[in-house]
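S.K.: model this:
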Amino acid sequence: MPKYSLMNRTVLVTGAAGGIGAASAQALHARGANLVLVGRNASSVAALAHELGHERALSLSSDVTEPGAMDEVVARAVDRFGGLDVVFANAGIAPGRPATIAAMDPTEFAQIIEVNLLGAWRTVRAALPEVIANQGHVLVNSSVYAYINGAMNAPYAASKAAVEQMTRALRVELGAHGATAGILYPGWVATEMTRLVFGGDDLVTRMRELAFPCILAGSISPDVVARRVVKGIEHRTAAITIPRRWQPVGLLRGLVNPLSDRLLIRNAKFQSLLQVLDEQARLGRVAADPRG
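M.R.: The predicted structure follows:
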């Protein structure tokens with residue numbers, strides 16, 4: 001396909017208050033795009049819009065889990081900029097602290113699925129009429145957790161695997177309309193979401209180091225991801241894996257996954273730490289329960 005110019009295109013970015021969302025908004029703005037910045041933290045998205053300049057940036061405080069909220073966002077975007085060309089469904093959350101499925105708070109598990117999967121679906125669904133009409137592009141933030149083992153992080157991994165499948169289906173469904181869709185697969189990104197696994201908690205940091213080879217265990221900055229986001233949209237790329245060292249894992253997942261699962265099961269140190277994590281999570285839930 002010819003390069004898709006972002007000049008004067010209107011791009012909606014959810015989860016724009018920080019991390020990948022904010023960095024991508026800045027990179028897209030630098031390419032000439034109008035930005036619709038969506039986040040639950042009103043002051044943060046407003047500050048970013050002010051930084052970018054209100055002529056080409058609109059900030060909206062909205063929650064992707066609220067029915068109808070994203071329809072209102074799209075309507076505001078069209079009213080302000082005359083249309084909507086690209087949507088980046090980026091909003092996502094992870095467990096406050098890693099935990100096993102048995103020990104995790106059920107409410108937190110459900111909330112992660114609600115934000116990461118249903119929130120992405122609501123965002124995409126609301127934007128589709130405009131994207132189709134303008135032969136634009138949809139980008140959904142998945143993760144390498146769409147295909148690696150999600151031990152300690154099951155709801156996050158499950159939601160990311162689900163949005164991968166949703167977006168693959170969407171790319172095929174948009175084919176007849178001249179519009180496209182792509183999936184973003186970030187590895188470890190240095191944001192608040194990953195703070196615990198990079199020194200914020202000794203136990204979970206050690207478990208990350210045991211679970212991932214050194215070449216895969218490091219993090220990258222949101223700005224690095226943002227540059228690939230821009231390039232991916234401009235080339236309507238089906239899959240954006242960043243950093244690229246994760247690509248062989250994704251391509252060979254049918255072979256790598258059974259092997260990695262087996263290694264994690266047989267790794268005595270990892271299993272021992274997993275039991276400690278499990279017990280800590282259970283004790284934390286008991287301490288937080290006002291019923292005692």
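
S.K.: contacting residues around the residue most central in space within the chain?
M.R.: Among the residues of the chain, the one closest to the centroid is residue 141, at 3.8 Å (C-alpha atoms, centre = their mean). By C-beta atoms under 8 Å, 6 or more residues apart in numbering, the residues touching residue 141 are 15, 20, 88, 89, 90, 92, 120, 163, 184, 186. All C-beta spots, glycine's among them, are computed from the backbone N, C-alpha and C.

S.K.: and the fifth one, how many neighbours?
M.R.: Meaning residue 90. By the other C-beta atoms under 10 Å criterion, the neighbourhood of residue 90 contains 27 residues.

S.K.: tell me the mean pLDDT for stretch 252-270?
M.R.: The pLDDT scores in stretch 252-270 average 96.

S.K.: just give the nearest non-adjacent residue to residue 145, would you?
M.R.: Nearest non-adjacent residue to residue 145, counting by C-beta to C-beta, 6 or more residues apart in numbering: residue 157, 4.2 Å away.

S.K.: the helix or strand hosting that neighbour - what's its average pLDDT?
M.R.: For residue 157, the host element (DSSP states H and E) is helix 154-173. Taken as a whole, helix 154-173 has a mean pLDDT of 98.

S.K.: same check, this time on stretch 59-69
M.R.: 95.

S.K.: before we move on, what about stretch 97-112?
M.R.: On average, the pLDDT along stretch 97-112 is 94.

S.K.: same question, stretch 1-17
M.R.: Averaged across stretch 1-17, the pLDDT comes to 94.

S.K.: how far away from the center of its chain is it?
M.R.: In terms of C-alpha atoms, centre = their mean, to the nearest Å, the centre of stretch 1-17 is set 17 Å apart from its chain centre.

S.K.: in helices, which of the contacts of residue 141 appear?
M.R.: 20, 120, 163 (DSSP state H).
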